[in-house]
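Student: here is my input; please provide its structure:
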Amino acid sequence: MSTHEHEAQGLGQERHRGPLREGERVQIRDPKGRLHTVILVSGGRFQSNRGFIDHDDLIGRPDGQVITTEEGRQFQILRPLKVDYVMSMPRGAAVVYPKDAGTIVHYADIFPGAVVVEAGAGSGALSMALLDAVGERGRLISVERREEFAQIARDNVELWFGAPHPAWDLRVNDLADELNAMPASSVDRVVLDMLAPWENLDAVAHALVPGGVLCCYIATVTQMSRLIEDLRSSENFTDPVAWETLSREWHVDGLAVRPEHRMVAHTGFLMIARRLAPQTTPQERSTRPAKAAEGLEGAWNSEDDWSEQKVGLRVSSDKKIRKVKRDLDAKARAWVEGRSDDEQ
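Tutor: So this is what the prediction gives:
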């Protein structure tokens, strides 16, 4: 898509409203409930063992169609939502789940026009939510240490928006170096999804505006404990608040109403703290710190012991990352050539 075409299409209502257009993604739900992502192409055809649908029968028609084939089978046609895209997109690093991304946007108060620093970029899921929140006139600086992860994030984000987002600045570098190079108090919000966020607290305090929000997404209890105690010791932030969100669907069919057996339970902890004004002493806590708040010896204070494997995180192999990059390259070529994901 050219820059001119992108400017004409935009990123707002015009991308999500109106009749289905050639070149758009649609999500087809077959009679068995399986979902298929298809790029609409004039003269194209979606083929399955349950029947076929000509793309020309969809182009120019409203979103939300239910098409009945000659065999009498019904297919539901809708533009995919961001949650559909995020949960099915290729990933190198684990994604921030939509239930957490939405919470981050609200609790970190990501507002239109804000300057936000994010680290790391992962597979781009949280970046998409933050870009929607800051808008085209805001600025999101995403910092990723690994070039291969940055490339995966870039491809996923640009495939979703259809073009480079004007507010996005993706950098491959060390977070502390980036933050320390920024003018003091020039960043509105900092969102960290990384192994050891406590290593960057001084740099965050330098760049974050007084009253600005630091939001951290952390996987384990040990990380959360270390982060919160180091935040308190820094005396640059308000007393942190930490929690997690759980998500469970319900089965509703007549009188058979019950929770589903499966749920999205623990994905990560969220922690919020705000930057105090320089030279300000933190408000005294209403309860005395526990003796254990001084930290543990051994692995607790040994930076070399803090690794993805030690804290129980899944680590993507180099082989998997290469495969994800190949898949994304194929998807990008298919997008340019106007083929559906199923036809790759």
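
Student: now stretch 270-281: mean pLDDT?
Tutor: In this model, stretch 270-281 has an average pLDDT of 95.

Student: low-confidence ranges, the stretch 101-250 of the chain, go.
Tutor: The stretch 101-250 of the chain contains no residues with pLDDT under 70.

Student: could you pull out the strands for it?
Tutor: For the stretch 101-250 of the chain, the strands defined by DSSP state E, counting those that start in this stretch cover 115-119, 139-144, 168-172, 187-192, 208-218, 241-243, 250-253.

Student: and the third one, what does it pack onto?
Tutor: To tie it back to what came earlier, the one meant is strand 168-172. helix 125-134, strand 139-144, helix 147-161 (3 or more C-beta pairs under 8 Å, 6 or more residues apart in numbering; DSSP states H and E). No exception for glycine: its C-beta is placed from N, CA and C like everyone else's.

Student: ditto for the fourth one
Tutor: On a contact count with 3+ C-beta pairs under 8 Å, 6+ apart, strand 187-192 meets strand 115-119, helix 175-181, helix 201-207, strand 208-218.

Student: to Val86, which of the helices and strands packed on strand 168-172 lies closest?
Tutor: Of all those, helix 125-134 sits nearest to Val86, with 4.7 Å by C-beta to C-beta.

Student: got the CA positions of the helix or strand harbouring Leu270 in PDB?
Tutor: Per DSSP states H and E: Leu270 is located in strand 269-274. What follows is strand 269-274, C-alpha atoms only, in PDB (Å, rounded to 0.1, in the frame of the first residue of the first chain):
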ATOM      1  CA  PHE A 269       1.100  -9.300  37.100                       C
ATOM      2  CA  LEU A 270       0.500  -5.600  36.500                       C
ATOM      3  CA  MET A 271       2.100  -3.000  38.700                       C
ATOM      4  CA  ILE A 272       1.400   0.800  38.700                       C
ATOM      5  CA  ALA A 273       3.500   3.600  40.400                       C
ATOM      6  CA  ARG A 274       3.700   7.300  39.700                       C
END
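
Student: got the angle for it vs strand 187-192?
Tutor: 160 degrees (axes from the mean of the first three to the mean of the last three C-alpha atoms, to 10 degrees).
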